[in-house]
Structures are given as structure tokens and as C-alpha cells.
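K.L.:
after the sequence you'll find the predicted model.
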Amino acid sequence: MKLNVKMLPVLKKMAGTMLALGMLAHAHAADKIAVDIALSDATLIDVAAGRAVTGQTVLLKGDSIVAVVNEAQLRDYAPKQTIRLPGKYLMPGLWDTHVHFGGGPELIDENKQLLPLYLAHGITTVRDCSGDLPDTVLAWRQQINAGQLQGPTIFTSGAKLEGIKPLWKGTIEVGTPQEVTRALDGLQAQQVDFVKITENTLKPELYLEALRQARERGMRTSGHIPVQLTLGQMADAGLGTIEHQSYLLRAATPREQELTAKVAAGTMTGKEAMQASVQSYDEPTARKAFSYLAARGTAIVPTLWGSRVTAYLDREDHTHDPALQYIGKGLRATYDWRVQRAAKDGPEAIAQRHAQFEQSAKLLPILQQQGVSIIAGTDAGFLNSFDYPGQALHDEIGLYVQYGLTPQQALQSAVINGPRFLGKLDRYGSVAAGKAADLLVLDANPLQDIGATRQIRLVVSRGTVYDRAKLDQMLADIRAWVAKQEAAPAKS
């Protein structure tokens, strides 16, 4: 085939044009923003607004969300991997803001197995409210942050403050204001995320002193409520979160001042005061008290599921729960004390357990209406019988809807309100640029049915993607570890 010399100028021009176009395409590709992962085709759940948003792609780089873009904007990015999720729902990862690790040094390995168990259930962040392994948990926090350990992000109180010779192990015993100061000095040196205070043997005046000193230092606080103090006094002193909703029953009666004074004087037990509170419940009083808490910024972590399990041990047999296969034998053994204690209750005590739980749970919509921040937490971990890490958070927010919250409000309690308490909303609480790459992909819309949070298709934790196969493998590995431990001969 002969080349027509007359065509040479045309061919040169065509070659030059193609070369220029190639260079332009190359330059445009080089201009694109490199990202690690694109999550596309899913419906995004805006938990704050209660909206389901379509047509958006979430772009991840490292442990952060780089951008949330539409199809046209996507042309500006070059993802290394694209995961298409048609028909799925994408939302922020869940938070369990009241968990415990403990049972003694011999159970450290069993507690460590709970970390992947949380992730496998879509819990990307936990708030440790102190057990008897505070230094271990602080080490895990650092290792997870450094990418050296697989598990949810941990925020922790470190060791809790208590009085002299307390019931609970792993506490910092304080008996004077000076000891409170030294305790807070130590916790600040460990860079704890908040201060946990319990009331077992701590003098009421020292409890208030601890709150005063913590507030002066800018430290967030969380705790149980001493029977000798009113909820109003605790809110005035700056308590950040009340752990366990049953404490609120004390403020839901016109007799609160009277009952508190009797307990302080030693003429009534705390148990008797609680029974009297339930019997004299008054909704207008409750609303007024809860408005007071809201105005002072005191939030509530209900831990309803754990309370419900204990309240109804007389009716429900948990010995064959499938979740037990993920719990080591040492941790399971710690369940026994509550079970044995509940077994000693007679008909009157059992009826009181039921009444206290039901009345407490019915406070949820009133708290929401009066503006109290409800923060989802479960009390899961050692000691609390059949309150299973990971699974319990889904049980917890399911109860919230059962007792009067909307699915959106329940999701807010597990996605937004925890970060707000810790001052971390700049990093958590929504699917947006700059937020943590902690995400949950579901098979159904949780705004329509809160049970959809159990239908997990994919979890992203600190930018690492765990698809359903990997999540199933994590669960299988935990089951195998527990089974191997179960079969091992007991140490002499």
C-alpha cells in the first residue's frame, strides 16, 4: 500500500491533535484527588435531620471522610477502590457509651476478645465507664488509636473515684478533699476522657467536692447518684451524665426532698426510698425535674437493657442464649452473682423489680420532650448478667422505640449524643467531610425500623472496611477462641 504524499500534512495534524488530547487527558487524571475508597450507590442516613439522601458517594482517605459528592463532582476524584452498595443504607457507626472491661487480670484476654465483637455488631466507638482493668483499657485505647489493635475507638474514664473500702474493685479511694485533688491529678496525667464517680462508700460532701474540682479543671463527669443528695443538687454541682435511668425515679415524686432527708438521717434505706418513689410517682413533678436537668446540661445514659434483663430473671431463661458462645467462661462466671441474688427474691421483691423497671422505662419520652439528652449505653461487660457486648446496643435502642422514642431519636442517642457529651461532634455524628471514617452499611432503613441496625452488610472502622464475609469470620474466630478456652484443662 503506497502512501499518498498529499495526505502527509493532514496526518501530521491528526497526530498532533491526538497527542495533545492524550496529554490533556493525562494532565486531567493527574489533577484528580486521590482517595482510598469510594462508597457509592447507597442511601445516606442523615441522623440529625431524619432524612434518607440518595445520589451521594462517600470518599475515604485514611481514617477520615474526605468528601461526600454527587455524580458530577465524583469526576474530580480518583479512588483506589470503589464499593458499590445499591439498595443499602449508609450511616455513622454506633456508639455504646456505657461498657465495662474487668473481672481481674486473669480475664484480660477474655475482655480483649470483646473488642472485635463490638466491631462485628457495628459498634465503632465505646465509652468505658471503668471496671477493674483501667490501665489495660488505657493501653488498648492507645494501641487502637495507633492502628496496632483491632477494635472500636475507646474513650475511657480510667479508674473511678469512690470512698474508702468500696464494694467495687479497681477504684481510687478518696476520703479527704486533698485525696480528691491527688486523684484528679493522676487522672489528668493519664489524659482520661472523663471522670467516673460512684457512691458506694463515697461521702456525699466529697462527691460534690469531686464535681467542683473536676469542673474547675474542665473535666467532664459521669456517675451514680448518692441517696443522700437530690438530682437537683447533682445538676447544680455540674454532673455531666447520670448513669442508669432508675436514678431518675428519685426526682419523679413530690417526696424527693423528704425521702432524701430520711436516707441521709439513717431512718430509711435507699431501697425503701426507691420503693416509695415508685409508689408516689407524679408526672408533672417529673417533667419539672427533667427540665431542670436539661437546663443545666445534665444528660442521662439509661442502660435499660441491662436493667430489664435483671428485672425479669424470674421469667426469662438465658442459659441457652446464642450470644453466650462469644463470651469467655471467666466472664460468664461473673454473671452468677446477679443471678443468685435475684433468685433469693420473694414475690414482693420480684414485683418491685418489675415495677421499678417499667416505671423507669416509661420516663423516656418525657425526658425527650423536656429536652434531656439521652445517650445510648448498655452496661455490657463483666458482672452484668446476659448483657452481651455488641448485641446489647441493638437491644437497648430497640427498647427506646418500644417505650416511646422514634427510630430517629433512638439513632440520635447512639450516634450524636455521645460525641456531643465528649465534645467530639467535629469528628463524629454524621456522614460528612472531615468526620471519622467510622461507618455502618445496612440492608434496610433504620429510620423506618430500628431493627434494621442489626442487618449489617458492612462496617468501616477508622477507614478499614469489613464486609459481611470478614465480619462473619471475626465472629467465627471469637467463637473458636471461646470454644478452645472452654475445652482447655483448668489451671491448677
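P.N.:
Happy to help now that I have it.
K.L.:
just checking, residue 264 touches residue 233?
P.N.:
No: the pair residue 264 and residue 233 fails to qualify as a contact (C-beta atoms under 8 Å) at a distance of 11.3 Å. The way it works is simple: take the backbone N, C-alpha and C, and place the C-beta from them, glycine included.
K.L.:
more neighbours, the two?
P.N.:
Using other C-beta atoms under 10 Å, the more surrounded residue of residue 264 and residue 233 is residue 233, with 17 against 14.
K.L.:
give me the beta-bridge partners of residue 171?
P.N.:
residue 160 (DSSP bridges).
K.L.:
next one, pLDDT for it please.
P.N.:
Here, the pLDDT recorded for residue 171 equals 95.
K.L.:
which residues does it contact?
P.N.:
130, 159, 160, 161, 162, 198 (C-beta atoms under 8 Å, 6 or more residues apart in numbering).
K.L.:
please enumerate the helices of the stretch 301-450 of the chain.
P.N.:
Using DSSP state H, counting those that start in this stretch, the helices of the stretch 301-450 of the chain run over 304-311, 329-334, 336-343, 347-361, 364-369, 391-402, 407-415, 417-422.
K.L.:
compare these and give me the one nearest residue 475.
P.N.:
helix 391-402 (11.0 Å; C-beta to C-beta).
K.L.:
how distant is that closest one from the center of its chain?
P.N.:
The chain centroid and the centroid of helix 391-402 are separated by 12 Å under C-alpha atoms, centre = their mean, to the nearest Å.
K.L.:
mean neighbour count, mean pLDDT and distance to residue 114 added to the helices of the stretch 301-450 of the chain, as TSV?
P.N.:
Shown next, in TSV, are the helices of the stretch 301-450 of the chain (neighbours: other C-beta atoms under 10 Å; pLDDT from 0 to 100; distance: least, C-beta to C-beta, whole Å):
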stretch	mean neighbour count	mean pLDDT	distance to residue 114
helix 304-311	24	97	15
helix 329-334	17	97	8
helix 336-343	13	94	18
helix 347-361	16	96	25
helix 364-369	19	98	27
helix 391-402	23	98	11
helix 407-415	25	98	18
helix 417-422	22	98	18
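K.L.:
so which of those is nearest residue 227?
P.N.:
helix 347-361 (14.4 Å).
K.L.:
what sits up against the closest one?
P.N.:
245-246, 248-249, 274-275, 278, 281, 304, 307-308, 310-312, 314, 342, 345, 399, 403.
K.L.:
just want the angle from that helix to helix 336-343.
P.N.:
110 degrees (axes from the mean of the first three to the mean of the last three C-alpha atoms, to 10 degrees).
K.L.:
if we can go back for a sec, got the helices of the stretch 301-450 of the chain as a markdown table, with distance to residue 451 columns?
P.N.:
Shown next, in a markdown table, are the helices of the stretch 301-450 of the chain (distance: least, C-beta to C-beta, whole Å):
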| stretch | distance to residue 451 |
| --- | --- |
| helix 304-311 | 14 |
| helix 329-334 | 27 |
| helix 336-343 | 27 |
| helix 347-361 | 18 |
| helix 364-369 | 18 |
| helix 391-402 | 7 |
| helix 407-415 | 9 |
| helix 417-422 | 20 |
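K.L.:
residue 54 is nearest to which of those helices?
P.N.:
Here helix 407-415 is closest among the helices of the stretch 301-450 of the chain (C-beta to C-beta), at 17.7 Å.
K.L.:
in the stretch 1-150 of the chain, which spans are strands?
P.N.:
Taking DSSP state E, counting those that start in this stretch to define them, one finds strands in the stretch 1-150 of the chain at 33-40, 43-46, 51-53, 57-61, 64-69, 77-84, 89-92, 94-99, 123-128.
K.L.:
show me what the shortest one is packed up against.
P.N.:
The reference is to strand 51-53. strand 43-46 (3 or more C-beta pairs under 8 Å, 6 or more residues apart in numbering; DSSP states H and E).
K.L.:
if I read this right, residue 151 contacts residue 141, doesn't it?
P.N.:
No: the pair residue 151 / residue 141 is not scored as a contact, 9.4 Å apart, by C-beta under 8 Å.
K.L.:
contacts only, for residue 396.
P.N.:
By C-beta under 8 Å, 6+ apart, the contact list for residue 396 reads 96, 302, 303, 304, 305, 376, 377, 378, 414.
K.L.:
same deal with residue 410?
P.N.:
Counting by C-beta under 8 Å, 6+ apart, residue 410 touches 376, 397, 398, 400, 401, 450.
K.L.:
for the nearest residue to the fourth one once chain neighbours are set aside, give its distance to residue 323.
P.N.:
Going back to what we said before, that points to residue 400. Setting aside the residues directly before and after it, residue 400 is nearest to residue 410 in space (C-beta to C-beta, 6 or more residues apart in numbering), at 4.2 Å. Per C-beta to C-beta, to the nearest Å, residue 410 is found 21 Å from residue 323.
K.L.:
what's the answer for residue 119, then?
P.N.:
Per C-beta to C-beta, residue 119 is found 15 Å from residue 323.
K.L.:
in terms of neighbours, single out the busier of these two.
P.N.:
The neighbour comparison of residue 119 against residue 323 (other C-beta under 10 Å) goes to residue 119, with 23 against 16.
K.L.:
does that one touch residue 466 like I think?
P.N.:
Yes: between residue 119 and residue 466 there is a contact under C-beta under 8 Å: 6.7 Å.
K.L.:
who touches both of these two?
P.N.:
459, 474.
K.L.:
so how far is residue 392 from the residue most central in space within the chain?
P.N.:
Centroid-nearest residue in the chain, with C-alpha atoms, centre = their mean: residue 96, separated by 1.6 Å. Taken as C-beta to C-beta, the spacing of residue 96 relative to residue 392 amounts to 7 Å.
K.L.:
quickly list what's touching both of those two.
P.N.:
Taking C-beta under 8 Å, 6+ apart as the criterion, residue 96 and residue 392 both touch 378, 380.
K.L.:
mind putting the contacts of residue 171 into TSV with neighbour count and distance to residue 435?
P.N.:
Output for those, formatted as TSV (neighbours: other C-beta atoms under 10 Å; distance: C-beta to C-beta, whole Å):
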residue	neighbour count	distance to residue 435
130	29	28
159	26	31
160	26	30
161	30	33
162	27	36
198	23	33
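K.L.:
measure how buried residue 71 is and give me the count.
P.N.:
10.
K.L.:
and if you look at the one 3 residues further on?
P.N.:
Other residues within reach of residue 74, judged by other C-beta under 10 Å, total 17.
K.L.:
average pLDDT across stretch 457-465?
P.N.:
98.
K.L.:
please renumber the chain so that the first residue is 495 from this point on.
P.N.:
Done: numbering now begins at 495, and the last item shifts to stretch 951-959.
K.L.:
got the contact list for it?
P.N.:
530-531, 533, 554-558, 577, 579, 582, 587, 613-614, 616, 618, 638, 641, 646-647, 930-937, 960-962, 965.
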